[in-house]
Every structure is written in C-alpha cells, then in structure tokens.
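In: 3D model of this:
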Amino acid sequence: MADLLVQFLQNTGYYMADYRHCIMIIVGCVFIYLGIAKHYEPLLLVPIGFGILVGNVPVFKGLGLSIYEDNSVLSYLYFGVTKGIYPSLIFMGIGALTDFSTMIARPVLMLLGAAAQMGIFITFLGALALGFDPKEAASIGIIGGADGPTAIFLSAKLAPALIGPIAVAAYSYMALVPVIQPPIMKLLTTRKERLIRMEDPREVSKQEKMVFPVIAFLLCCFLAPAALPLLGMLFFGNLLKEAVVTERLAEAARRPVIDSVTILLGLTVGASTQADRFLKPESIEIFILGALSFCVATASGLIFAKIMNLFLRQKINPLLGAAGVSAVPDSARVVQMVGQAEDPTNFLLMHAMAPNVSGVIGSAIGAGVLWSFMV
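Out: Purely as a prediction, here's the structure:
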C-alpha cells in the first residue's frame, strides 16, 4: 500500500514540477491579470495566459498529453497554428470587420503603413547580428509589424521551434500599445504638430468599396504571391462585408469564426510555451528584439509623416504615422487618445484607421517577401 502511495505521489505534477514550471505559471497568471484587470487585449491575453498554465502542468512523456506529443488532443488543436490555418481565418474575420473607406478616400495615408514596416527589416538585420539563422531572423522581424497572426504564420513556415516565444512577444507588445507608443509619439512630435486638424475625407461610394478588395487583392498578391494565404482571406472577408448580398457570411466571419479561432489560437500558442522549450536565452533575445522593433516601427511612421509634410500642401497630423503598425484598432485609438490630450475637439480616429489597416496589408506583404526569399 505504501508503495502505491509513493508511486501515486511521484506521478503528480507537484512532484515533477521544477522552478521553470513555476516561472511560466507566474507568467501565465500575469497575462490573465493584465487581460482582466487592466483590459490589455483581454480577448488575446486571457486565452494565451491560460494556455501557458495548461502547457506548464508537468506530465509524463508518452501519455499523449503534451502539445508536442503526436496524437494528443492539444497537438491536434495546435495543427491549425503550425499549418497557418488559424492566422488565415483570423485575417478573414479582420477583413469582414474592416472599413477601408478612409484609406480609399486618401490613399497617400497608405504610405504611413508602409513606412512603419521598417521595424520588420531593422529587426531582421538585428536578429542576424545576434546569430539567428536567416529563417529565424525573418520570423523574429515580423514582430516589428505588431501583427500577431502574421508573426505566427511566418514562424510556422520558417521557424516552428520559435512559434511560442515569437507569438507571446508579438501579442504582448500588441497589448502594450497604449503603454509603449505615447512616449515615442510625444518625443518625436511638437505640440504644434499634434494640434494639426485633418480635413474630413471625401465620401466613398458603395461601388468603390466593393471593387477595392478585388483590385487590392490582385495588386498585392501579384507583388508578393507568398502573402496569398493571408491577404487572400483578408480581402475575401472584406468583399463579403461590402457585397451586402453576403452579409450573412460576413457576420459569420466577423463573429463566430474569428471568436472561435481566437480562442483556439490563443490557448494553443500559450500551451506551446512549455518551460523546457521556452525558457532559453533565445527567448530573452526575441523579447528584446521585439521591443526594439516595435519602437522602430512607431518611430518610422512618425518620422515619415513629418517628411511627407515637407511636400504636402494639405498637412497631415504626424501622430497618424504611429498608427502604421498593424495593431488594429489599438494603435489608431492611441493616436486619438494622444491627439485629444492636446485638443479634446480634435478627432483623429477615423483618419488613423487608414494607416492602421494599410499596416496590416504591409506586414502581410513583408512576411510574403521574407518567406519567398527564405524558401
């Protein structure tokens, strides 16, 4: 009887746990706290945080419980991550939620979304300098776009072993947009620039909005065919939204589909952060590079907006450049918040959505370009 009791105790997680599991469980609890108490991207941080808890309960190898064991329940759910299924479905939902009117009305604002992608390529070079191989460096670089699904998609294709730290870093910085961006925005702009008012954009016709996803899809995917799985779904979702006759499908894409996929993506990405695979020096380097890339992306958008104002007759508020990172719609909301701190009657949110959604497109194109070079 005593032997059975000893064997039972040795089979428990309490016996098998070490300090690494404790560290990761604390990290998971912090994510859950930030999501619930601080409202930092709760739809992302709560599933990821609980997934971290799930992935760091010690289990015996061979029982089919770990996400990295073949034929386990978690491994089947994780299939959607490793094959790029979940990110593509999320892009479809984003397309069904997005109104491209402001970007269509003033296409010049798309340049701000393109400028912010500098963070991707600067981080790529930084990762190479730290000794990561080109495929890993490309996956790490995408963190600079502040686009979690794109970062996961490219990591799954080029550096599957790094999906956990890259995904956690990308979503962490997406959640911390209201903390990270405002100091950079105030540092790189003057009060006079922050007070610039934007003229109301022209009204975009329904026909323009229906034609846009088709034309944009063809232009973008002919430029970067490797971005097809992401941009194809993004523009398809938007076409469903604008076509009216497919409103039922658009409603499904922007609610039950994207919500269900977000749950599965967050939970399985969190569960992939097993202590023995996650707590490595490379993870720390990835987090540092991710923070720097996010700052570079924000600064690039702001600086490029100031450069544009040297040539534009109708000046734009440089704060819009910070919305070029593709954390939709949080970076656009931060632009609104910082702008209204200077002038409560200045409304920038609608204008900020143009570089914000173009940043989504830009990060997907950047991922496609990097993937095509690494194949």
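In: three-state assignment of residue 61?
Out: Put simply, residue 61 is coil when judged by DSSP: H, G, I helix; E, B strand; the rest coil.
In: For the closest residue to residue 30 other than its chain neighbours, the count of nearby residues, please.
Out: In space, and not counting its chain neighbours, residue 30 is closest to residue 49: 7.4 Å by Cβ to Cβ, 6 or more residues apart in numbering. C-beta here means a position set from N, CA and C on the backbone, and glycine is covered the same way. When neighbours are defined as other Cβ atoms under 10 Å, residue 49 has 25 of them.
In: what's residue 49 in contact with, if anything?
Out: 28-35, 270 (Cβ atoms under 8 Å, 6 or more residues apart in numbering).
In: just residue 57 next, same as before
Out: 13, 21.
In: Walk me through the regions of this protein where pLDDT falls short of the threshold, as ranges.
Out: Within the chain, the segments meeting pLDDT under 70 span 146.
In: among the contacts of residue 49, which ones are buried?
Out: Among these, those classed as buried by 16 or more other Cβ atoms under 10 Å are 28, 31-32, 34-35, 270.
In: In helices, which of the residues you listed appear?
Out: In helices, defined here by DSSP state H, the members of the buried ones among the contacts of residue 49 are 28, 31-32, 34-35, 270.
In: between these, which is closest to residue 177?
Out: residue 34 (12.6 Å; Cβ to Cβ).
In: how far away is that closest one from residue 1?
Out: 46 Å (Cβ to Cβ, to the nearest Å).
In: and what of residue 296?
Out: Relative to residue 1, and taking Cβ to Cβ, residue 296 is found at 64 Å.
In: now the helices: where do they sit in the stretch 201-350 of the chain?
Out: Under the criterion DSSP state H, counting those that start in this stretch, the stretch 201-350 of the chain carries helices at the ranges 206-223, 228-242, 247-252, 258-271, 275-278, 281-309, 330-342, 349-374.
In: quick one: contacts of the first one?
Out: What it means is helix 206-223. The contact list for helix 206-223, computed with Cβ under 8 Å, 6+ apart, reads 95, 99-101, 104, 227-228, 231-232, 235-236, 238-239, 242-244, 361, 364-365.
In: let's see it at 7 Å
Out: Helix 206-223 is contacted from outside by 100-101, 104, 227-228, 231-232, 235, 238-239, 242-243, 361, 365, using Cβ atoms under 7 Å, 6 or more residues apart in numbering.
In: how about a markdown table for those, with distance to residue 318 added?
Out: Shown next, in a markdown table, are the contacts of helix 206-223 (distance: Cβ to Cβ, whole Å):
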| residue | distance to residue 318 |
| --- | --- |
| 100 | 22 |
| 101 | 22 |
| 104 | 22 |
| 227 | 28 |
| 228 | 34 |
| 231 | 28 |
| 232 | 33 |
| 235 | 29 |
| 238 | 28 |
| 239 | 33 |
| 242 | 31 |
| 243 | 36 |
| 361 | 21 |
| 365 | 24 |
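In: For PyMOL, write the selection for the buried entries among those residues.
Out: A single PyMOL command selects the buried members of these (16+ other Cβ under 10 Å):
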select buried, resi 100+101+104+227+228+231+232+235+238+239+242+361+365
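In: returning to what we had before: out of the ones in helices among the buried ones among the contacts of residue 49, flag the one nearest to residue 254.
Out: Among those, and counting by Cβ to Cβ, the member closest to residue 254 is residue 35, at 21.1 Å.
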